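# Here's my sequence, what's the structure:
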Amino acid sequence: MKDQFFNYIHTLQDQITSALEAIDGHAEFQEDLWDRPEGGGGRTRVIQNGNVFEKGGVNISGVHGKLPKSMQTYFKVGDVDFFACGLSLVLHPKNPMVPTVHANWRYFEMYNEEGNIIDSWFGGGQDLTPYYLFEEDAIHFHQTCKTACDKHNPEFYPNYKKRCDEYFYNAHRNEGRGIGGLFFDYCKATDKMSMNNWYSFVTEIGNSFLEAYIPIVEKRKDLDYTEAQRNWQEIRRGRYVEFNLVHDKGTLFGLKTNGRIESILMSLPPHVQWVYDHHPEPGSEEEKLITVLKTPKDWV
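Numbering: from 1, shown residues only. Purely as a prediction, here's the structure:
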């Protein structure tokens with residue numbers, strides 16, 4: 001399974017970066033191949049200073065070795081070996097009318113002393129973080145997620161949508177990071193879902209990403225915006241940074257397993273503001289967004 005999924009994310013990375021370069025029309029992804037001293041490595045691709053994308057990364061990695069002590073405590077296991085691979089992407093567009101997007105699809109295995117698999121699971125999801133709320137965009141993104149989920153189980157979308165709202169939540173701000181999407185983790189073999197079934201589901205979601213995001217970018221990338229709207233975008237990006245550094249499990253896992261720091265932190269935007277005690281004007285488009293972030297909405 002690990003080889004099958006690792007090959008899949010290699011292909012998916014190529015598909016996504018090619019599509020993003022085409023829509024940007026100017027910038028190309030810079031590729032870095034890196035090795036992890038303890039075992040494994042990755043292929044990082046970053047785009048910067050484009051016509052559409054101010055900064056973004058589409059990264060794959062496959063790492064293995066002894067599970068660090070801190071992660072042994074987290075997973076409640078002893079001295080075991082592990083393998084983890086996945087694709088992780090974050091895109092920060094220049095135009096504040098275009099939402100930031102994040103997606104991740106991953107696979108994890110743990111082994112005993114004899115090298116036999118003692119546990120394995122899939123995880124992942126995709127979520128949208130707008131700076132200005134266009135409801136038709138939110139509906140499109142969520143409908144694409146739901147359509148992909150419904151091919152496998154009609155309960156997946158409502159369950160994983162709810163988990164996404166709960167996970168991508170800045171508790172210290174009492175608001176969501178964005179308008180959600182899907183979040184699933186520890187997808188293990190059961191009587192109803194084999195690992196092959198989970199593979200089919202996770203790759204279905206991965207294959208749906210471009211359909212979910214690209215039409216939104218095409219629709220919003222050339223809209224006019226003001227300096228005030230750009231400032232608002234940078235203030236909201238600060239909330240994005242806060243979540244990734246305080247709450248995000250993927251960031252913490254990468255740091256605790258000696259991952260490549262530039263790849264781990266590629267999710268951080270290049271221009272951010274923290275304005276003291278900032279509040280949007282009552283009745284404004286900015287306040288409209290905050291209202292939705294404080295109370296998750298069912299979009300489909």
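# C-alpha from now on. contacts and neighbour counts both.
Fine.
# And stretch 138-151, what's buried?
For stretch 138-151, the neighbour count (16 or more other CA atoms under 10 Å) marks Ala138, His140, Phe141, His142, Gln143, Thr144, Cys145, Lys146, Ala148, Cys149 as buried.
# no, scratch that, I was asking about stretch 195-208
Buried-residue list, stretch 195-208, by 16+ other CA under 10 Å: Met195, Trp198, Tyr199, Phe201, Val202, Thr203, Glu204, Ile205, Gly206, Ser208.
# same question, stretch 32-42
Buried positions in stretch 32-42, judged by neighbour count with 16+ other CA under 10 Å: Arg36, Gly40, Gly41, Gly42.
# could I get those as JSON lines with secondary structure?
Below are the buried residues of stretch 32-42 laid out as JSON lines (DSSP: H, G, I helix; E, B strand; the rest coil):
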{"residue": "Arg36", "secondary structure": "coil"}
{"residue": "Gly40", "secondary structure": "strand"}
{"residue": "Gly41", "secondary structure": "strand"}
{"residue": "Gly42", "secondary structure": "strand"}
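# returning to that earlier point: and which of the buried residues of stretch 138-151 is nearest to Glu175?
Distance to Glu175 across the buried residues of stretch 138-151 (CA to CA) is lowest for Ala138, with 17.1 Å.
# mind checking how far that closest one is from Gln30?
Here Ala138 is placed at a distance of 30 Å from Gln30 (CA to CA, to the nearest Å).
# Show me where this protein has its helices.
Taking DSSP state H, the helices of the chain run over residues 2-24, 69-75, 135-150, 156-167, 195-220, 227-246, 249-256, 261-264, 285-294.
# Please name whichever of these is nearest to Gly115.
Here helix 2-24 is closest among the helices of the chain (CA to CA), at 14.1 Å.
# and the closest residue in space to Gly62 that isn't next to it in sequence, bridged to which residues?
Take Gly62 and drop its neighbours on the chain: the residue closest to it by CA to CA, 6 or more residues apart in numbering is Cys85, 4.1 Å away. Note on Cys85: beta-bridge partners by DSSP bridges are Gly62, Tyr107.
# cool, and Thr129?
Thr100.
# So for it, what's the pLDDT?
The per-residue pLDDT reported for Thr129 equals 98.
# Just give the number of residues close to it.
23 (other CA atoms under 10 Å).
# and if you look at Met193?
As a burial measure, Met193 scores 14 neighbours (other CA under 10 Å).
# Phe209 now?
22.
# Would you mind measuring from it to Glu113?
Taking CA to CA, one finds Phe209 at 38 Å from Glu113.
# again with Ala138
47 Å.
# Please apply the same query to Arg260.
Arg260 is 27 Å from Glu113, by CA to CA.
# Of these two, which one has the most company?
Shown here are Arg260 and Glu113; by other CA under 10 Å, Arg260 has more neighbours (17 against 9).
# For the more buried one, which residues are in contact?
Trp34, Arg36, Gly254 (CA atoms under 8 Å, 6 or more residues apart in numbering).
# what angle separates the helix or strand bottoming out on mean pLDDT in the chain from helix 156-167?
Ranking every helix and strand in the chain by mean pLDDT, DSSP states H and E puts helix 249-256 at the bottom, with a mean of 79. With axes from the mean of the first three to the mean of the last three CA atoms, to 10 degrees defining the directions, helix 249-256 sits at 60 degrees from helix 156-167.
# between helix 249-256 and helix 227-246, how many degrees?
60 degrees.
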